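K.L.:
What would the 3D arrangement of this be:
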Amino acid sequence: MESVALVARRKKLIAGIVSGALAVTVLVVTLAYWRSLSRQKKVLVPPPPVPSDVNQQLSGYSFTRSDEGRQIFTVHAARTVAFKQGGATVLEDVYVEVFGKTGDRRDVMRTRRCEYNQRSGDLFSAGTVQIELNAPSNDQARSGSEQQRSVMLETSKLYFRQQGSLVMSEEPVQYRIGPISGSARGLSYATREGWLELKQDISADLRMKGGTESQPPVHLTAARARYDKEKSEVSLAGPVNISHGEQRVVAGSGIVSLDNRNRITRAVFQDGARALDSSAAAHLEGGAQTMRGEFDPASEELRTVVAEGSVQFESQRPGSTSRLEAQRVDVNFAGAHPEAQNGTASGNVKLEIESASTGVATPPLRPAPGNSAVEKKQLTADGLRFSFQSHGQSLQNAETAGPGKLVVSPSDAKVGTRVITAGQFLMAFNGRNQMENLRGLSGTRIVFQPPKNAPPGSMAQESSAEHLEAGFDTALQTMRTVRQWGNFQFREGDRQGTADLASYDAETESVILTGHPELKDPDMRTRAERVVVDLRDDSAEGIGKVQSTHLRSTAGATSVLADRVVAKRKNQTVHYEGNVRAWRGTDVIESAALDVYRNERRLSSGYQVRTSHLQAASLVAENSAAGAGKHETRPVTIRADRLEYFDQGRKASYRGNVNLQTEDTTLDADRVDAYFSGTPGEDATELERAIAEGHVRVTQPARRASGNHGEYYAKDGRILLTGGPPTLYDADKGFTTGQRLTFYIRDDKLEVDGGDESPTLSKHRIAQ
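P.N.:
Here you go, the predicted structure:
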């Protein structure tokens with residue numbers, strides 16, 4: 001935003017120069033002495049001619065010209081001399097008072113000697129001519145009444161050509177008014193048409209109010225100046241050049257408008273006006289097709305500056321460059337020493353700021369193109385309103401007049417471009433023209449583009465809300481934080497999010513969602529008290545009262561409750577921890593932590609886990625009419641140190657201290673693989689069988705069995721033990737063993753297979 005402040009500074013410079021230097025031109029062109037003659041058909045009339053054959057000398061000559069009883073001018077001369085040979089009359093010690101056609105003006109011209117040619121009617125003074133415009137009358141001097149400022153001019157070889165009513169000189173012209181002094185070469189004044197022209201080499205110097213002698217004056221030069229009395233206008237032909245130390249304004253031409261007291265009301269620089277200011281600390285440059293200043297004629301103080309047509313300003317400071325483009329820029333001023341108060345920019349407004357990051361020992365005056373350590377910000381809008389700090393040189397606030405777009409290109413190559421849009425932007429600045437705060441209203445949107453080195457297929461991340469507020473690091477001029485609230489929505493490809501409030505932190509490159517946050521994609525939906533989206537590794541974390549639903553599964557949707565969840569899109573993993581409870585239909589998993597591998601359709605827990613399922617239980621006789629077609633189930637619970645579940649094959653692998661419990665039977669082993677029934681896409685599943693390995697133990701109220709390998713079949717409640725060899729202990733019958741031992745958990749049936757050495761099958765019922 002520094003370029004907007006530059007507009008103010010340039011306009012302040014123009015104000016001082018215009019209000020002084022152009023006033024000099026005004027002084028010259030307001031030669032009231034010539035103005036009084038502008039409507040006269042007759043030239044200044046010398047004394048009556050003397051006889052043609054006589055030379056005559058007279059003393060104490062005075063002549064007055066009147067119109068309808070009003071004095072127009074009076075000529076005083078100490079002596080006149082008439083010459084026969086040349087037909088000329090010489091006036092010496094001449095003093096002329098000009099009162100104007102209406103008698104309301106007093107200008108005075110003094111010269112040592114002038115000649116009047118009776119034949120041509122021309123008047124010529126070869127020596128020095130002094131002219132005082134707006135000279136006070138004796139009555140005014142005595143009363144001290146306010147009047148127009150006096151202008152002192154001095155030239156020589158002054159001609160009055162009766163043909164064309166022109167007053168001309170080709171000699172140097174010197175002039176002075178208050179603190180302004182200047183010079184020109186040659187003048188022409190048309191007394192009848194009412195215009196005056198300073199022909200060439202226009203120059204003026206102005207000492208600023210409150211300045212010291214050591215300070216350079218404001219200096220103005222122009223090729224030519226012309227005053228039109230009918231239009232009350234002064235035209236400056238270029239090149240027009242105004243300078244004050246290292247500050248400079250140039251233009252192809254200029255126009256100054258005056259009131260009826262010859263006070264400046266407007267100054268216009270056109271045909272490509274440019275302003276420049278160079279120093280060791282900064283380089284400022286700007287231009288427009290036209291620059292216009294509006295003045296208070298009573299105080300001659302600048303009030304408004306307007307730049308129009310392809311307005312461009314640029315400010316280069318160590319470590320930063322700012323540029324402003326618009327079709328029109330208006331700045332309002334106030335005070336005796338005009339200071340910028342506020343202003344507007346309109347028409348395709350574009351503001352660019354390039355800021356170098358810290359860590360550079362001696363930052364260049366202008367960041368090198370392509371420097372990766374430079375952050376770029378570009379604001380575009382149809383219009384911009386702004387105000388200034390109390391000293392008038394630094395921005396205080398700015399706001400777009402309608403929708404705006406801000407593009408932030410970070411200096412860090414690992415961070416992508418951010419594109420921010422809003423129905424209106426409000427900006428606040430510090431005393432160094434650095435943006436501190438940005439607010440967006442009426443529908444805001446942020447697009448986080450992937451960095452250039454992002455993997456192929458990386459997608460942009462978008463967020464929208466009714467309101468936005470961004471904070472900037474003034475040292476780095478980088479966006480530090482962003483807050484969006486009011487119907488916040490987030491989108492990245494097929495991932496979406498909603499919340500009441502979202503906060504972006506640049507240091508961690510993360511977005512924090514609060515107020516009923518929710519993230520969802522085609523596979524998963526998550527709610528939590530707070531959700532943190534990490535933009536660097538494309539992950540999301542839910543914290544507090546996590547509720548998730550995994551939608552795409554061959555066994556149906558899975559719901560999860562936890563204290564915390566972390567989902568990573570890169571490898572499609574989801575990690576839950578803290579009081580985890582997951583369920584799908586009647587299957588339930590409880591653990592301290594749970595991992596979901598979405599691509600593999602796999603669940604995993606490396607902590608103590610407890611699962612609950614249903615299993616078939618054929619308790620009614622198959623040929624019973626009452627139980628015909630009836631399907632009953634019984635719960636089964638499995639505990640283990642670790643769990644792996646695969647959708648493919650409906651298999652759950654339990655490892656470490658596995659404990660399976662169903663009805664009044666408990667099975668313990670080192671490892672258990674459980675297989676479930678069910679049609680893909682259905683939520684209802686049942687435990688069909690379980691294969692146990694390592695230190696298998698089966699416990700019932702009245703018996704216990706053991707082996708190295710065990711198989712449990714849920715439908716008929718059958719357990720097959722092998723290895724060890726397997727043994728069964730009954731409280732009433734004692735021990736039974738063999739190579740294969742099969743018993744049923746719902747009755748007392750037992751089958752023992754002794755192998756090749758004992759081929760007979762032993763079957764018996766154990767009494768209760």
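
K.L.:
Wait, S394 touches N433, no?
P.N.:
Yes. If you go by C-beta atoms under 8 Å, S394 and N433 touch, sitting 5.1 Å apart. C-beta: built from backbone N, CA, C; applies to glycine.

K.L.:
So which residues of the chain form helices?
P.N.:
2-17, 23-29, 32-35, 138-143 (DSSP state H).

K.L.:
any idea of the mean pLDDT for the shortest one?
P.N.:
This points to helix 32-35. For helix 32-35, mean pLDDT is 32.

K.L.:
swap in the last one?
P.N.:
The average pLDDT for helix 138-143 rounds to 56.

K.L.:
Now do the strands in the stretch 551-700 of the chain.
P.N.:
Under the criterion DSSP state E, counting those that start in this stretch, strands of the stretch 551-700 of the chain are mapped to 558-568, 573-584, 587-597, 602-605, 609-616, 633-640, 642-646, 651-662, 665-676, 687-699.

K.L.:
wait, which of the ones you listed is closest to H709?
P.N.:
Closest of the strands of the stretch 551-700 of the chain to H709 is strand 687-699, at 5.9 Å (criterion: C-beta to C-beta).

K.L.:
How many residues are close by Q648?
P.N.:
Neighbourhood size, Q648 [other C-beta atoms under 10 Å]: 10.

K.L.:
should've said A731
P.N.:
11.

K.L.:
Per-residue pLDDT of it, please?
P.N.:
82.

K.L.:
and the gap between it and L721?
P.N.:
18 Å (C-beta to C-beta, to the nearest Å).

K.L.:
A702 contacts D730, doesn't it?
P.N.:
Yes. Here A702 reaches D730: they are 6.6 Å apart, a contact under C-beta under 8 Å.

K.L.:
So for those two, which sits in the more crowded spot?
P.N.:
More crowded of A702 and D730, by other C-beta under 10 Å: D730, with 18 against 13.

K.L.:
Include mean pLDDT, distance to L123 and mean neighbour count when you put the strands of the stretch 551-700 of the chain into TSV, please.
P.N.:
Output for these, formatted as TSV (pLDDT from 0 to 100; distance: least, C-beta to C-beta, whole Å; neighbours: other C-beta atoms under 10 Å):
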stretch	mean pLDDT	distance to L123	mean neighbour count
strand 558-568	94	99	20
strand 573-584	93	104	19
strand 587-597	93	108	20
strand 602-605	90	113	22
strand 609-616	88	119	21
strand 633-640	91	124	19
strand 642-646	92	117	21
strand 651-662	94	122	20
strand 665-676	95	124	20
strand 687-699	94	128	20
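
K.L.:
Output those in JSON lines, with distance to E751 appended to each entry.
P.N.:
Below are the strands of the stretch 551-700 of the chain laid out as JSON lines (distance: least, C-beta to C-beta, whole Å):
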{"stretch": "strand 558-568", "distance to E751": "39"}
{"stretch": "strand 573-584", "distance to E751": "36"}
{"stretch": "strand 587-597", "distance to E751": "31"}
{"stretch": "strand 602-605", "distance to E751": "36"}
{"stretch": "strand 609-616", "distance to E751": "21"}
{"stretch": "strand 633-640", "distance to E751": "22"}
{"stretch": "strand 642-646", "distance to E751": "32"}
{"stretch": "strand 651-662", "distance to E751": "20"}
{"stretch": "strand 665-676", "distance to E751": "17"}
{"stretch": "strand 687-699", "distance to E751": "14"}
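
K.L.:
between these, which one is nearest to R79?
P.N.:
Going by C-beta to C-beta, the one of the strands of the stretch 551-700 of the chain nearest R79 is strand 558-568, 109.9 Å.

K.L.:
Any chance you could list what contacts that closest one?
P.N.:
519, 524, 526, 528, 537-550, 573-584, 594, 596 (C-beta atoms under 8 Å, 6 or more residues apart in numbering).

K.L.:
What is the burial count for the closest residue to T128 other than its chain neighbours?
P.N.:
Nearest non-adjacent residue to T128, counting by C-beta to C-beta, 6 or more residues apart in numbering: S156, 5.2 Å away. Applying other C-beta under 10 Å, we find 15 other residues in the vicinity of S156.

K.L.:
which ones are touching S156?
P.N.:
Contacts of S156 (C-beta under 8 Å, 6+ apart): 125-129, 169, 171-172.

K.L.:
Just the buried ones from these?
P.N.:
125, 128-129, 169 (16 or more other C-beta atoms under 10 Å).

K.L.:
which two from these end up farthest apart in space?
P.N.:
T128 and S169 (11.2 Å).

K.L.:
Give me the common contacts of those two.
P.N.:
The contact lists of T128 and S169 share 155-156, where a contact means C-beta under 8 Å, 6+ apart.

K.L.:
Report the separation between R671 and E352.
P.N.:
66 Å.

K.L.:
Let me have the contacts of S156 in a markdown table, extended by pLDDT and distance to H467.
P.N.:
Supplementary listing: the contacts of S156 in a markdown table, determined by pLDDT from 0 to 100; distance: C-beta to C-beta, whole Å:
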| residue | pLDDT | distance to H467 |
| --- | --- | --- |
| S125 | 89 | 77 |
| A126 | 90 | 80 |
| G127 | 92 | 78 |
| T128 | 92 | 74 |
| V129 | 89 | 72 |
| S169 | 89 | 70 |
| E171 | 94 | 71 |
| P172 | 95 | 67 |
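
K.L.:
Report how many residues lie close to P318.
P.N.:
15.

K.L.:
before we move on, what about N430?
P.N.:
Neighbours of N430 (other C-beta under 10 Å): 15.

K.L.:
what's the nearest residue to it if we skip its chain neighbours?
P.N.:
Using C-beta to C-beta, 6+ apart and skipping the chain neighbours, the partner closest in space to N430 is E436 (5.3 Å).

K.L.:
what's the pLDDT at that neighbour?
P.N.:
pLDDT, read off for E436, is 87.

K.L.:
Might you report the residue contacts of it?
P.N.:
Contacts of E436 by C-beta under 8 Å, 6+ apart are 428-430, 471-472, 474.

K.L.:
List buried residues within these.
P.N.:
For the contacts of E436, buried by 16+ other C-beta under 10 Å: 428-429, 471-472.

K.L.:
tell me the two of those that are most distant?
P.N.:
F429 and G471 (12.8 Å).

K.L.:
Against A223, how distant is the residue lying closest to A135 once chain neighbours are set aside?
P.N.:
Residue nearest to A135 in three dimensions, not counting chain neighbours: V108, with 4.6 Å by C-beta to C-beta, 6+ apart. Per C-beta to C-beta, V108 is found 30 Å from A223.

K.L.:
what does Q648 give?
P.N.:
The value you get for Q648 to A223, if C-beta to C-beta is used, is 90 Å.

K.L.:
And K414, by the same measure?
P.N.:
From K414 to A223 the distance is 57 Å (C-beta to C-beta).
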